[in-house]
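Chemist: need a structure here:
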Amino acid sequence: MNKLFIVLFLIASIIFLYAFISKKGKPTSSIHQFKAKTLEGDDFDFAQLKGKKVLIVNTASKCGFTPQYKELETLYQKYKDQNFTIIGFPCNQFGGQEPGSNDEIHDFCTKNYGVTFLMMEKVNVKGDSISDIYKWLTNKEQNGVMNSSVKWNFQKYMIDENGFLVDYAMSFKSPLSSKITKWIEK
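Modeler: I've put the predicted structure just below:
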């Protein structure tokens, strides 16, 4: 009887611990409240994205993950007509791997990877000068879902059709991974 009790106690503890660790909050605000500048210097209102799933990625031109631009473009082309889009935010905070100007970044992305998805002007994704969008993406008090921190270039944030944060994928996770494609298709 004691062995059965111990086994049941361990199973219940594991289930409780898993539920506690994996528990996400409920969205409290939408990304649709934000505005930002594109690489070309145009104003972009995120309210235009209502009804679309959005993958937000911090990018860099001189990173080991830079070839993900090709995969991102493939993903974009495959799903862009299914209420999905990608938005890239260049960032120079990880190893100085995005030193270029907005024009240089645009030229690099289009010439080398044929990028047609929306690219914004360079931002900070961490620290005291973090952009408002990344402050929202990484702060549970603002997004209502989870805290996170951007660890490196090409970290991907998934936003649902209502503008709510759903999840994120680390840099090493391919944009074409089942985690991302299943979320888009869901």
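Chemist: use CA for all of it now, contacts and neighbours both
Modeler: OK.
Chemist: any idea which element the spatially most central residue of the chain lies in?
Modeler: The C-alpha lying nearest the average C-alpha coordinate of the chain belongs to residue 157 (C-alpha atoms, centre = their mean; 1.7 Å). Using DSSP states H and E, residue 157 maps to strand 156-159.
Chemist: Where do the strands of the chain begin and end?
Modeler: All strands of the chain, identified by DSSP state E, fall at 35-37, 43-45, 53-59, 84-90, 118-119, 156-159, 165-169.
Chemist: Would you tell me which one of those is buried the most?
Modeler: Comparing the strands of the chain by mean neighbour count (mean count of other C-alpha atoms under 10 Å), strand 53-59 ranks first with a mean of 25.
Chemist: Run through who's touching that one.
Modeler: For strand 53-59, contacts defined as C-alpha atoms under 8 Å, 6 or more residues apart in numbering pick out 66, 83-91, 98, 125, 153-161, 163, 184.
Chemist: Check which helices and strands the strand holding residue 157 is in contact with.
Modeler: Strand 156-159 sits against strand 53-59, strand 165-169, with contacts defined as 3 or more C-alpha pairs under 8 Å, 6 or more residues apart in numbering; DSSP states H and E.
Chemist: Describe which strands the last one pairs with in its sheet and in which direction.
Modeler: The reference is to strand 165-169. Looking at strand 165-169 with DSSP bridges, its partner strands are strand 156-159 (antiparallel).
Chemist: Give me the distance between the partner strand and the centre of its chain.
Modeler: In terms of C-alpha atoms, centre = their mean, to the nearest Å, the centre of strand 156-159 is found 3 Å from the chain centre.
Chemist: related to what we said a few turns ago, right, and the residue nearest to the centre of the chain touches residue 167 too?
Modeler: Yes: proximity of residue 157 to residue 167 meets the contact threshold set by C-alpha atoms under 8 Å, at 6.1 Å.
Chemist: Touching both of those two, which residues are there?
Modeler: Contacts common to residue 157 and residue 167, judged by C-alpha under 8 Å, 6+ apart, are absent.
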